Structures are given as structure tokens and as C-alpha cells.
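Q: Make a model of this:
(one chain, ligands or ions: 1)
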Amino acid sequence: MPQVTNQDKAKEAAARYAVEHVKPGMVLGLGSGSTSKKFVEQLGAKCRLGLEIKAVCTSSATELAAKQHKIPLIPIEQVLQIDLAVDGADEVDKNHHLVKGGGGALLREKIVAFHAKTFLVLIDESKLVTRLGKFPVPVEVAPFGASATLEALSSLGMNPSLRKKPDGAVFITDNGNYTIDLHLNALIEHPIELDRQLKNIPGILETGLFLNYQPVIIVGNSVGNAKQLEKK
Ligand code: A5P
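A: Residues are numbered from 1 along each chain as shown. From the prediction side, this is the model:
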């Protein structure tokens with residue numbers, strides 16, 4: 001039996017907090033990654049007790065988990081607005097800017113977050129940073145011209161690496177694209193400027209910088225409590 005870590009308990013607590021905010025009739029956006037998975041599990045338990053909601057998924061992995069937990073799903077094509085999107089994050093700074101995409105689902109996650117009335121981000125304390133950038137910033141790129149895109153990022157000093165799977169094959173996103181991770185070697189002073197600079201490179205389809213998305217950040221701790229993070 002795998003050991004339950006303090007981080008697991010913190011993620012669990014954040015997921016529990018989030019599930020209390022789900023109301024009948026809502027259209028939910030289900031994020032990706034291990035924290036989102038805990039939310040999916042708890043949401044599934046509520047659905048089995050009769051909670052009626054519909055959900056869209058941000059990745060095939062989440063879709064699989066949601067189906068296993070019998071959560072009613074609808075295709076994104078049928079959704080114009082999402083009531084509540086719930087997702088994790090890799091880093092959160094004091095302005096509530098985020099780095100996301102460690103799991104390779106950033107494009108769908110960003111689309112879902114953008115169209116959500118409320119965007120709940122569930123983290124444990126280890127994700128809180130004074131400045132973004134220790135975690136490599138992922139970008140989703142078109143396979144066409146990806147070598148040139150890598151070269152352009154390299155010449156800007158962004159220390160890019162093409163994401164690979166453990167078996168060495170190129171990691172392909174659910175959208176059929178590549179992911180490039182930027183090992184910036186320094187904390188990001190101007191994330192908005194960086195995001196703009198990245199999006200100016202053709203072939204970069206989206207970045208893992210979620211800036212000004214007005215997320216409601218829920219921080220769980222290892223004692224099993226969770227609270228909303230106020231903006232300083
Ligand atoms: C998936 O692409 C990511 O954006 C995740 O939300 C992020 O990496 C956080 O993942 P964990 O909840 O597994 O830490």
C-alpha cells in the first residue's frame with residue numbers, strides 16, 4: 001500500500017474544500033494532475049450520492065478518472081460557459097499568477113479556466129513562491145517547425161528542452177502538439193512581459209503562465225485543513 005505523504009494530505013484537504021463549493025446544476029471544468037485527481041475522486045463520491053452536475057475535462061487522463069468515478073461528462077463543444085473550473089498549479093506567486101502545465105495539459109486547462117466564472121486553484125504550501133520561475137515554464141508548441149522554435153527559444157536564453165516520455169519518445173499532448181520546458185535559471189521578474197515575448201514566436205500555441213486569471217487559491221495543509229489565500 002503506497003504511503004500517504006503530508007503533501008497528499010494537503011492536496012486532499014484542498015480538494016475537500018473545493019467539493020463543498022459545488023452546487024447542483026453547475027457545469028464544472030475538471031483540471032489535470034494529482035490534486036485535480038483528488039477533487040475528481042471526491043466529486044465522484046458526491047455524484048454517487050445524488051449530486052447532479054455536468055463536467056468537461058482538460059485531459060484524457062482526467063476524462064478516464066471522471067468516467068471511472070461516474071461523473072457525467074459533456075463535450076466541450078456543447079459548453080459556452082463553465083460555472084466552476086477546479087485545477088492544480090505548479091507555482092503560485094503573491095499576485096496569484098500561476099505556472100501550470102507540469103502534466104502537459106496547459107492549453108486545455110487555460111481554455112477551460114478562461115471560460116470559467118470561478119477558477120479554483122488547489123495547492124499545497126510547497127507551491128507558494130515569492131517569484132515564479134523555479135519550476136520550468138512549459139509551452140505547448142506546434143510540431144511543424146518545432147526544431148526552429150526550440151532554436152529561437154534557445155537564442156533568447158530560455159534554455160528550452162523538448163519534453164520526452166520516460167521511454168525517450170517525444171511527449172505528445174492531447175492536442176497532438178509538443179511541450180517545451182523553459183529552464184529559465186533565474187526567477188521571472190516580469191511574467192507579463194515574458195508571456196508576451198513567448199507568444200510572439202510563431203509555433204508557440206500557449207504558455208503555462210496563467211496571468212491575471214483571477215483564480216481563487218485554496219491552500220491545503222498536512223493537518224487536513226484548507227483555506228483561501230488572500231491577495232497581499
Ligand atoms: C497539469 O498540466 C498541470 O497544470 C497541473 O495542474 C499542475 O502540474 C499541478 O499538478 P499536481 O496537482 O500534480 O501537483
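Q: in stretch 179-191, what counts as buried?
A: Buried residues in stretch 179-191, defined by neighbour count with 16 or more other CB atoms under 10 Å: 179-182, 184, 188, 191. Every residue, glycine included, has its C-beta placed from N, CA and C.
Q: Would it count as contacting the ligand?
A: No. Using CB under 6 Å from any ligand atom, stretch 179-191 never reaches the ligand; the gap is at least 9.2 Å.
Q: hmm, back to that, and the buried residues of stretch 179-191 as a markdown table, adding pLDDT, secondary structure and distance to Val170?
A: Putting these into a markdown table (pLDDT from 0 to 100; DSSP: H, G, I helix; E, B strand; the rest coil; distance: CB to CB, whole Å) gives the following:
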| residue | pLDDT | secondary structure | distance to Val170 |
| --- | --- | --- | --- |
| Thr179 | 98 | strand | 9 |
| Ile180 | 98 | strand | 11 |
| Asp181 | 98 | strand | 13 |
| Leu182 | 98 | strand | 17 |
| Leu184 | 95 | coil | 22 |
| Ile188 | 96 | coil | 26 |
| Pro191 | 98 | helix | 27 |
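Q: Among the residues you listed, which one lies nearest to the ligand?
A: Nearest to the ligand, judged by CB to the nearest ligand atom, of the buried residues of stretch 179-191 is Thr179 at 9.2 Å.
Q: what's the spacing between that closest one and Ile201?
A: 15 Å (CB to CB, to the nearest Å).
Q: which of the buried residues of stretch 179-191 lies closest to His96?
A: For those, the residue nearest His96 by CB to CB is Pro191; the value is 11.4 Å.
Q: ok so, going back, how about the buried residues of stretch 179-191 in a markdown table, adding distance to Asn159?
A: Listed next are the buried residues of stretch 179-191 as a markdown table, based on distance: CB to CB, whole Å:
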| residue | distance to Asn159 |
| --- | --- |
| Thr179 | 15 |
| Ile180 | 10 |
| Asp181 | 9 |
| Leu182 | 6 |
| Leu184 | 7 |
| Ile188 | 13 |
| Pro191 | 17 |
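Q: which intervals of the protein have sub-threshold pLDDT?
A: In the predicted model, the chain carries pLDDT under 70 at residues 1.
Q: Pull out the buried positions in the longest strand anywhere in it.
A: Using DSSP state E, we find that the single longest strand of the chain is strand 116-124. For strand 116-124, burial by neighbour count (16+ other CB under 10 Å) applies to 116, 118-124.
Q: Next: stretch 132-149.
A: 132-141, 146, 149.
Q: Kindly report the residues of this structure close to the ligand.
A: So the chain meets the ligand at 31-36, 87-90, 100-106, 109 (CB under 6 Å from any ligand atom).
Q: Narrow the residues you listed to just the buried residues.
A: Among the residues of the chain next to the ligand, the ones that count as buried by 16+ other CB under 10 Å are 31-33, 35-36, 87-90, 100-106, 109.
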